[in-house]
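**Q** what's the 3D shape of this:
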Amino acid sequence: MSLLDAAQPAPAAIFFDMDGTLLDWQTGMEESWAAACEAHCDGSFAPGPMHELIRARRTWFWSDPARAYSGRMDLDGAFREIVRQAFVDGGLDDEELACLIADDYWARRAVEIVPYPGAMEVLETVRSRGIRMALLTNGEAKNQRRSVERFGLERYFDCIVIEGEFGTGKPDERVFRHALAATGCEPARAWMVGDNLEADIETPVRLGIRAIWIDESGNGLPADAAIRPHRTIRSVTELM
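**A** A predicted model of the protein is given here:
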């Protein structure tokens with residue numbers, strides 16, 4: 001049974017995260033990094049070990065909230081910094097080469113990110129039922145707006161909030177309150193659907209919005225998770 005056919009009243013509005021919810025930004029990521037390392041290997045490093053150093057530095061970079069914020073606001077710079085630090089870890093000092101690898105990776109990823117199978121059909125169905133929708137996405141304006149335009153997402157949403165345009169991002173409650181106002185919806189009649197517990201789920205639960213967490217891996221909530229969504233699904237298509 002789909003969530004929209006379940007026992008609870010149908011929502012008046014649904015708010016969607018974009019990356020990791022509607023758009024698949026993870027599939028092919030490691031392959032893109034591996035290909036970038038291979039393409040620019042000049043003999044000073046081995047592509048496989050360099051890929052592993054980059055993987056470790058990615059974890060380091062995105063684990064710090066301040067770095068993560070600055071990185072979201074400048075993805076080009078973030079990827080370059082990640083590779084520069086990986087080069088340091090590998091005993092290399094070649095900023096130009098590090099930037100070539102980072103830029104090559106991002107060029108590959110920018111064209112490989114696509115909607116999850118069935119995601120656009122979900123938006124079509126929700127829209128056809130007269131449910132208002134908002135798109136709430138973190139990240140800098142240029143790249144996020146490019147994704148919105150590339151996949152024609154404007155036609156589905158009554159409200160689009162991009163962190164780099166709005167001035168703040170999730171989990172700031174101003175993002176969700178703006179979406180509520182823009183859709184003319186009370187919290188109890190709104191749903192939020194997203195894959196990040198901290199960004200997408202915590203604040204909606206506190207505001208009284210029904211929070212639906214996408215657990216793509218199927219691993220369930222972390223054992224120490226203090227954030228509890230109202231529902232957990234594996235894919236946005238389960239809304240239907």
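
**Q** in the protein, which spans are helices?
**A** According to DSSP state H, the chain carries its helices in the segments 29-39, 47-63, 65-73, 75-89, 95-112, 119-128, 141-150, 163-166, 173-183, 202-207.

**Q** Same list (these) but as TSV, adding mean pLDDT.
**A** Rendered in TSV, the data for the helices of the chain read as follows (pLDDT from 0 to 100):
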stretch	mean pLDDT
helix 29-39	97
helix 47-63	97
helix 65-73	94
helix 75-89	97
helix 95-112	96
helix 119-128	97
helix 141-150	95
helix 163-166	97
helix 173-183	98
helix 202-207	98
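
**Q** Of those, which is nearest residue 9?
**A** Using Cβ to Cβ as the criterion, the shortest distance between residue 9 and the helices of the chain is 15.0 Å, found for helix 119-128. To be clear about C-beta, it is placed using only N, CA and C from the backbone, and glycine gets the same treatment.

**Q** For the closest one, list every residue counted as buried.
**A** Burial within helix 119-128, assessed by neighbour count using 16 or more other Cβ atoms under 10 Å, is assigned to 119, 122, 123, 125, 126, 127.

**Q** can you check stretch 82-90 too?
**A** Residues of stretch 82-90 classed as buried under the neighbour-count rule (16+ other Cβ under 10 Å) are 82, 83, 84, 85, 86, 87, 90.

**Q** And stretch 233-240, by the same measure?
**A** When neighbours are counted by 16+ other Cβ under 10 Å, the buried residues of stretch 233-240 are found to be 233, 235, 236, 238, 239.

**Q** possible to save the residues you listed as a markdown table with pLDDT and distance to residue 97?
**A** Formatted as a markdown table, the entries for those read as follows, by pLDDT from 0 to 100; distance: Cβ to Cβ, whole Å:
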| residue | pLDDT | distance to residue 97 |
| --- | --- | --- |
| 233 | 97 | 43 |
| 235 | 97 | 39 |
| 236 | 97 | 39 |
| 238 | 96 | 44 |
| 239 | 92 | 45 |
